[in-house]
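Peer 1: Below is the sequence, then the predicted model.
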Amino acid sequence: SAVISQKPSRDICQRGTSLTIQCQVDSQVTMMFWYRQQPGQSLTLIATANQGSEATYESGFVIDKFPISRPNLTFSTLTVSNMSPEDSSIYLCSAGLSTDTQYFGPGTRLTVL
Amino acid sequence: QKEVEQNSGPLSVPEGAIASLNCTYSDRVSQSFFWYRQYSGKSPELIMSIYSNGDKEDGRFTAQLNKASQYVSLLIRDSQPSDSATYLCAVNTGGTSYGKLTFGQGTILTVHP
């Protein structure tokens, strides 16, 4: 497995603002992913963060709302832009140590007022 | 139809009993299957992966896969109160080794003393 950290662990934000979440892995990984877990729900994949190229977004998620950076093989950021209360969720990053197996960071709990 | 479905919960078993968690998936080309455990307020923790038909055992956990029936299950023997958590079934639905995981809705397991 890998040690994955996320910052911040939680935040309370005002409507209309943006928050950038950082994800750091203690080893180089090919694949990094960003998920959203809404209250009482399961995980939904937002996008795959590709090193050296644009992220690949899932249906229902767009780059303008969730811009992602992947500057190297150990780090990625997810920005939640122009937030509304509906964006209140836990945001999780994961790292694929093999292309199949994913390990998750501790998550960022976001509340939008 | 949902891509990954888990048996409805919550599931309650007495300490020492066998807990049986079930999952079906719709994508016949899926090749990789995972069980994650998620404690309340925590991120998902990988407990089992399975790739081939049959059983895979790891301690008190046994994963079972039947690709013909598109069915994967998790058995927890000698259940302990510490096993009380939400169990998430995840299937690689990327069609390749690209690692896209689709999660079921989760089954809440409670093990009572």
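Peer 2: Good, I have the coordinates. Numbering: from 1, shown residues only, chains lettered A, B, ... in the order given.

Peer 1: residues touching residue B:90, list them.
Peer 2: B:4, B:33-36, B:101-104 (C-beta atoms under 8 Å, 6 or more residues apart in numbering or on different chains). C-beta here means a position set from N, CA and C on the backbone, and glycine is covered the same way.

Peer 1: Quickly find the element holding it.
Peer 2: strand B:85-92 (DSSP states H and E).

Peer 1: what is the mean pLDDT for the helix or strand following that strand?
Peer 2: Moving toward the C-terminus from strand B:85-92, the first helix or strand encountered (DSSP H and E) is strand B:101-103. Averaging the model's pLDDT scores along strand B:101-103 yields 92.

Peer 1: partner strands of strand B:101-103, parallel or antiparallel?
Peer 2: Neighbouring strands of strand B:101-103 in its sheet, by DSSP bridges, are strand B:85-92 (antiparallel).

Peer 1: Pull up the residues of chain A that are close to chain B.
Peer 2: Contact residues (C-beta under 8 Å from any C-beta of the partner chain) of chain A with chain B: A:1, A:31, A:33, A:41-45, A:48, A:92, A:96, A:99-107.

Peer 1: which stretches of chain B form helices?
Peer 2: Taking DSSP state H to define them, one finds no helices in chain B.

Peer 1: looking at it, which helix or strand is least sure?
Peer 2: strand B:101-103 (a mean of 92; mean pLDDT, DSSP states H and E).

Peer 1: what's the offset of it from the middle of its chain?
Peer 2: Centre-to-centre, strand B:101-103 and its host chain are 11 Å apart (C-alpha atoms, centre = their mean, to the nearest Å).

Peer 1: which residues touch that strand?
Peer 2: The contact list for strand B:101-103 (C-beta under 8 Å, 6+ apart) reads A:33, A:42-45, A:102, B:3-4, B:25, B:34, B:36, B:88-93.

Peer 1: Identify the residue nearest residue A:61 in space, chain neighbours excluded?
Peer 2: residue A:46 (4.9 Å; C-beta to C-beta, 6 or more residues apart in numbering or on different chains).

Peer 1: Check residue A:71 too.
Peer 2: According to C-beta to C-beta, 6+ apart, the nearest residue to residue A:71 is residue A:51 (8.0 Å).

Peer 1: Quick one: residues contacting the one you found.
Peer 2: A:30, A:32, A:70-73.

Peer 1: between those, which has the most around it?
Peer 2: Neighbour count (other C-beta atoms under 10 Å in any protein chain shown) singles out residue A:32 as the most crowded of the contacts of residue A:51, with 28 neighbours.

Peer 1: What helix or strand is that residue located in?
Peer 2: Residue A:32 belongs to strand A:31-37 when assigned by DSSP H and E.

Peer 1: just checking, what packs against that strand?
Peer 2: Applying 3 or more C-beta pairs under 8 Å, 6 or more residues apart in numbering or on different chains; DSSP states H and E, one finds that strand A:31-37 contacts strand A:19-25, strand A:43-50, strand A:75-80, strand A:89-96, strand A:102-104.

Peer 1: Stretch A:106-113: how far from the chain's middle?
Peer 2: 11 Å.

Peer 1: same check, this time on stretch B:101-108
Peer 2: 8 Å.

Peer 1: Quote the end-to-end distance of it.
Peer 2: End-to-end distance for stretch B:101-108, by C-alpha to C-alpha, to the nearest Å: 20 Å.
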